[in-house]
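Engineer: Sequence and predicted structure, then a few things I'm wondering about:
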Amino acid sequence: MNRFLWLALIALGLAAPFVVYPVFMMKLLCFALFAMAFNLLLGYTGLLSFGHAAFFGGASYVTGYLVKTSGLTPELGVLGGTLFAALLGYLVGSLAIRRQGIYFAMVTLALAQIVYFVALKATFTGGEDGLQGIPRGLLFGLIDLNRHYTVGGGPLGLNLYYFIFVLFCLGFWIIHRTIHSPFGQVLKAIRENEPRAISLGYKVERFKLMAFVLSSALAGMAGSMKSLVFQLASLTDVSWHTSGEVVLMTLLGGVGTVLGPLAGAFTVVTLQSKLSSVGPWITVIIGGIFVICVLVFRRGFVGELGRLLRRPL
Amino acid sequence: MGMSIQTVLSQVMLGLNNGVFYAILSLGLAVIFGLLNIVNFVHGALYMLGAYVALLGYSMLGPLLGKPDFHLNYWAALIVAPLVVGALGIAIEKTMLRRLRKFDHLYGLLLTFGLALIIQGVFTNYFNVSGDAYDGKPEVLNGVVDLGFMMFPKYRLWVIAISLAVCFGTWYVIERTKLGSYLRAGTENPELVKAFGINVPLMITLTYGFGVGLAAFAGVLAAPIYSVSPVMGSEMIITVFAVVVIGGMGSIMGSIVTGLLLGMVEGFTKVVYAPASGTVIFLIMVVVLLVKPTGLFGREA
Amino acid sequence: MNSLFPVAALSLSLLATTSGMAAPPKETVSDGVVKIGVLTDMSGVYSTLGGKGTQVAVEMAAQDFGGKVLGKPIVVIGADHQNKADIASAKAREWFDNEKVDMITGLLNSGCALAVQKLGGDKKRIVMVTGAASTDLTNKAWTPYGIHYVYDTYALGKVTGQAVVQTGGKSWFFITADYAFGQSLEQNTTLFVNKLGGKVLGSVRHPLSTADFSSYLLQAQSSGAQIIGLANAGGDTINAIKQAREFGIGQKGQKLVGLLIFDTDIKSLGLTAAQGMQFTSGFYWDRDEGTRAFSRRFFAIHKAMPTMDQAGAYSATMNYLKAIKAAGNDDPDAVMAKLKAMDISDFFAVHGKIRIDGRMVHDMYLMEVKKPSESKGEWDLLKIVKTVPGDEAYMPLSESTCPAVKK
């Protein structure tokens, strides 16, 4: 894609906290990364996981625990959470890829439910109350992520924001590289025609599993970031509603597009924050968007735009 | 807590009581899946809707019609609720699911997921999430029966009996009658069935209506036992999905038997190690997937 | 005044750690408005006992106060925390950071309350919890800016537990909601049951929002305990009581005791199912002229009588506004000092006082559900059996683990 567009996006990300409420921006970045990780699986491998919250939430608990109880620095916490999600992804993936299509979706959903129960029952997760008061700590033991700078209107937590932004860019870069690597090409071949990929001699199961592990690791990284931003890991993060939400974000923005999940996450997170006053109607609205999306809008925003411009975005 | 034979029997009996709900719901899912090839995520919401038809029919329909003494009684609700919800299902199939038939089946799952959110959200708006009591339980079914090992409510016995009758009735119709043979043939080869002069799209629509009607029927049965609440379906549906994965979705009988068995296993777990009772079905699912990925009764995918 | 010393010391250290923050103006109302945020369960399991009704109560308080304090307008905003700590904490953060909210009240779930009170401590804003019950709020999770207003698990367990044991309910079995609130309610009640020579035979834990209690009830039944204690709330309590009736439990010798029950729960159960049950409450609408007058006004707007959470939110807001007026500004430290120094006395709180640990101590009531024959109207549900003075009902400071309490 256009190099200029990339630079513009990065500039936008760098300038954002001065214009938009930084916590909102960081939430957006976390969910955008989550959706992009999910899209790696759905959009580029053709696997619909309905249990991705397990990785997002699981990592967020692990990071929270490492930082809060073991006193690790935030970057090690994020690393720990990501590795945990990768391991969990390996276990879930090994089981789930034995089935295809709808079965795959239901198996991931049910396995994620086990993670949910563990989070509910285990002692270190804080059960219904969640893991609260997670400290942000000193990055590399040096930089205080809690530090606020007085800029213009009020105090801004810039250290944390740029840390999250850098992690987001790292995740984005990894996904981008994966898609355009030979590995990514094989994934697309599997998505388009699995029997053909098999007959070409590819060990399809292994590729699927690798994609699953990568996707869950990145989803985990997003969850780890989230637990530092909100200083909290809770059951919501591992619940099937979160799994459904990430599907919606991806679908809305455009499955199989690079920027789609970003646009989808932006829309959903904005809706949630703007419409929080309407109470339960938010569920109805989200459900309605889902239905409209599936019926008339299957390519999503970015996908439709790409079709108009006749180029992949 | 003692592990007396009495305790075990009582808990397994209660488990069977939950099991019949799993069985009816997974049966409906299996019937729909068989012909439409979609996982009907909205099933739980429609089960909830069935319970609300009973509740509202009993306590609100009268005043609405200007006859405050009118109550839609329980027996009528058992017929009306499936019809109302079935009609809604037919509308959903005709206006939405039909458009998706030529696309990936996953879109059906996503669409019904969205519908589930809408229905649940609307009810959350208007009704008490902690649940409302259904007062229309018939006099005849009040009271308890001495089973020897426990006192068991008459109503729950009725639920078990009628559910088993409905489940096996459905199995009989689909597996043993001519109508059923069309359905099964439609699953295997829609083109061929069409060639025999059977209106396949109509058959699909009616099947969907029947499947969700079963969910509504279960909802009415549940109303006098559990509180009728907007979330009663979403709590149930995930477990039922696991039941379906374990059973394999291949056979009608498979879904019935799996539902009943898993209900009892869950009940038994409550005696042995209660905290695991919420997860035991999912753990069994993992084991089944490892040993027989197509499910206990599933055909090869 | 020496009780204020630790508060001042802590706030100084807090100021030091948040050095980048702008210091609040001293003599006036910050941002020209006093903004009160009602953060509660607007859609979930507890929404009938708090929800919109809590916001209505807070709005009534703002209006009754005259709509202005120190010449500046009072604004009330509301949001749904959905009983999820993450949503509560994100909303509260946004309110503190962006919306200039000065005080948050409501908070119907212990997880949410703990998260928001912690944040209030970090950001130096007052949080008045009217809904949640966990005693942690005034103990290990204490902050100088948190007030726990209506009730807590200690008072509930002590008043109900003692009353039941004293009337012969010596052996107990608990059915407990498996999270912080339920566990702490069970522990607190157990303490008093044991103290008075009673015995706890066992307990069983159930997940939040359980549909089927039959198996737990059977375990309770076969334990042979006289008393089945329900350490849960809202829909769970209702379900458990209904299903106990279905199995004929609670009719032959065994008795069900709900440890946290709201008027709205009784309404949902019906008097026939609930009659004779005893529980503890911080408020009842039909207690005296004052409560009736408020409740009728509330009923005219909300179409339901106020629960203790809703009435408590009115009282909390009213006293918060009074404290701002008395302090002459809305600086959280000054307002907290005033709140802890003044008498809390209105239709809601009798002999009320906010202690150093943030606990608002006031009279509690042992309630009993009326028989259907005793009830004279839709909302004529309960009678007060006994009034327990606040100092007897709540945890004494000598047992407190609050860091502000000097031992």
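Structural biologist: Alright, I've got the coordinates.

Engineer: Quick one: distance of stretch A:233-252 to the chain centre.
Structural biologist: Computed by Cα atoms, centre = their mean, to the nearest Å, the separation of stretch A:233-252 from the middle of its chain amounts to 9 Å.

Engineer: Export that stretch to CSV, keeping only CA atoms.
Structural biologist: Extracted in CSV, the C-alpha atoms of stretch A:233-252 (Å, rounded to 0.1, in the frame of the first residue of the first chain):
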residue,chain,number,x,y,z
ALA,A,233,-8.5,-7.6,34.0
SER,A,234,-12.0,-8.9,34.3
LEU,A,235,-14.4,-11.6,33.2
THR,A,236,-15.7,-9.4,30.4
ASP,A,237,-12.4,-9.8,28.7
VAL,A,238,-12.8,-13.6,28.5
SER,A,239,-16.6,-13.7,27.9
TRP,A,240,-18.2,-14.8,24.7
HIS,A,241,-19.6,-11.3,24.2
THR,A,242,-16.1,-10.1,23.7
SER,A,243,-15.5,-12.9,21.2
GLY,A,244,-18.7,-11.8,19.4
GLU,A,245,-17.6,-8.1,19.5
VAL,A,246,-14.3,-8.8,17.7
VAL,A,247,-16.1,-10.7,15.0
LEU,A,248,-18.4,-7.7,14.6
MET,A,249,-15.5,-5.2,14.4
THR,A,250,-13.8,-7.3,11.7
LEU,A,251,-16.9,-7.9,9.7
LEU,A,252,-18.0,-4.3,9.9
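
Engineer: mind listing what's buried in it?
Structural biologist: For stretch A:233-252, the neighbour count (16 or more other Cβ atoms under 10 Å in any protein chain shown) marks A:233-240, A:242-252 as buried. The way it works is simple: take the backbone N, C-alpha and C, and place the C-beta from them, glycine included.

Engineer: give me the element the nearest residue to residue A:76 once chain neighbours are set aside is part of.
Structural biologist: Leaving out its chain neighbours, the residue that sits closest to residue A:76 by Cβ to Cβ, 6 or more residues apart in numbering or on different chains is residue A:66, at 6.9 Å. Assigning secondary structure by DSSP states H and E places residue A:66 in helix A:53-68.

Engineer: relative to helix A:53-68, how tilted is the helix or strand following that helix?
Structural biologist: Next along the chain after helix A:53-68, taking DSSP H and E as the criterion, comes helix A:74-96. Put simply, helix A:74-96 runs at 150 degrees to helix A:53-68, going by axes from the mean of the first three to the mean of the last three Cα atoms, to 10 degrees.

Engineer: mean confidence score for the next helix or strand after helix A:74-96?
Structural biologist: Proceeding N to C from helix A:74-96, the next assigned helix or strand is helix A:101-121, under DSSP H and E. For helix A:101-121, the mean per-residue pLDDT is 86.

Engineer: Quick check: longest helix in the chain by residues?
Structural biologist: Since no chain was named, I'll use chain A. Taking DSSP state H as the criterion, chain A has its longest helix at helix A:204-230.

Engineer: if you could check chain B rather than the one you did, that'd help
Structural biologist: Counting residues, the longest helix found in chain B (DSSP H) is helix B:5-36.

Engineer: tell me what the strand or helix carrying residue A:40 is packed against?
Structural biologist: Per DSSP H and E, residue A:40 falls inside helix A:22-45. Using 3 or more Cβ pairs under 8 Å, 6 or more residues apart in numbering or on different chains; DSSP states H and E as the contact test, the elements touching helix A:22-45 are helix A:3-19, helix A:158-179, helix A:182-192, helix A:204-230, helix A:240-253, helix A:260-274, helix C:85-97.

Engineer: Counting by contacts, list what the helix holding residue A:66 packs against.
Structural biologist: Helices and strands touching helix A:53-68, by 3+ Cβ pairs under 8 Å, 6+ apart, are helix A:74-96, helix A:101-121, strand A:131-132, helix A:204-230, strand A:232-233, helix A:235-238, helix A:240-253.

Engineer: Adjacent strands (with direction) for the helix or strand that the third one is followed by?
Structural biologist: Using DSSP H and E, the helix or strand that follows strand A:131-132 towards the C-terminus is strand A:138-139. Strand partners for strand A:138-139, identified by DSSP bridges, are recorded as strand A:143-144 (antiparallel).

Engineer: now the partner strand: how far from the chain's centre is it?
Structural biologist: Distance of strand A:143-144 from its chain centroid, counting by Cα atoms, centre = their mean, is 25 Å.

Engineer: And the contacts of that strand?
Structural biologist: Strand A:143-144 is contacted from outside by A:138, A:159, A:163, using Cβ atoms under 8 Å, 6 or more residues apart in numbering or on different chains.

Engineer: Isn't the first one up against residue A:75?
Structural biologist: I take that to be residue A:138. No. Contact status for residue A:138 versus residue A:75: not in contact, 9.9 Å apart, counting by Cβ atoms under 8 Å.

Engineer: more crowded one of the two?
Structural biologist: residue A:75 (19 against 16; other Cβ atoms under 10 Å in any protein chain shown).

Engineer: Got the confidence number for that one?
Structural biologist: You'll see residue A:75 listed with a pLDDT of 88.

Engineer: hang on, the earlier thing: so which elements touch the longest helix of chain A?
Structural biologist: If contacts are counted by 3+ Cβ pairs under 8 Å, 6+ apart, helix A:204-230 sits against helix A:22-45, helix A:53-68, helix A:74-96, helix A:158-179, helix A:182-192, helix A:194-199, helix A:235-238, helix C:85-97.

Engineer: and the second one, what's its mean pLDDT?
Structural biologist: When you say that, I think you mean helix A:53-68. Averaging pLDDT along helix A:53-68 yields 94.

Engineer: Could I get the full set of helices for chain B?
Structural biologist: Under DSSP H, chain B gives helices at B:5-36, B:43-59, B:61-65, B:74-95, B:106-126, B:154-176, B:178-188, B:190-195, B:200-222, B:232-247, B:252-272, B:280-291.

Engineer: Quick one: the ones you listed as JSON lines, columns for mean neighbour count and distance to chain A too.
Structural biologist: Shown next, in JSON lines, are the helices of chain B (neighbours: other Cβ atoms under 10 Å in any protein chain shown; distance: least, Cβ to the nearest Cβ, whole Å):
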{"stretch": "helix B:5-36", "mean neighbour count": "24", "distance to chain A": "8"}
{"stretch": "helix B:43-59", "mean neighbour count": "26", "distance to chain A": "10"}
{"stretch": "helix B:61-65", "mean neighbour count": "12", "distance to chain A": "23"}
{"stretch": "helix B:74-95", "mean neighbour count": "19", "distance to chain A": "9"}
{"stretch": "helix B:106-126", "mean neighbour count": "22", "distance to chain A": "3"}
{"stretch": "helix B:154-176", "mean neighbour count": "17", "distance to chain A": "21"}
{"stretch": "helix B:178-188", "mean neighbour count": "15", "distance to chain A": "15"}
{"stretch": "helix B:190-195", "mean neighbour count": "13", "distance to chain A": "18"}
{"stretch": "helix B:200-222", "mean neighbour count": "24", "distance to chain A": "16"}
{"stretch": "helix B:232-247", "mean neighbour count": "26", "distance to chain A": "4"}
{"stretch": "helix B:252-272", "mean neighbour count": "23", "distance to chain A": "12"}
{"stretch": "helix B:280-291", "mean neighbour count": "18", "distance to chain A": "5"}
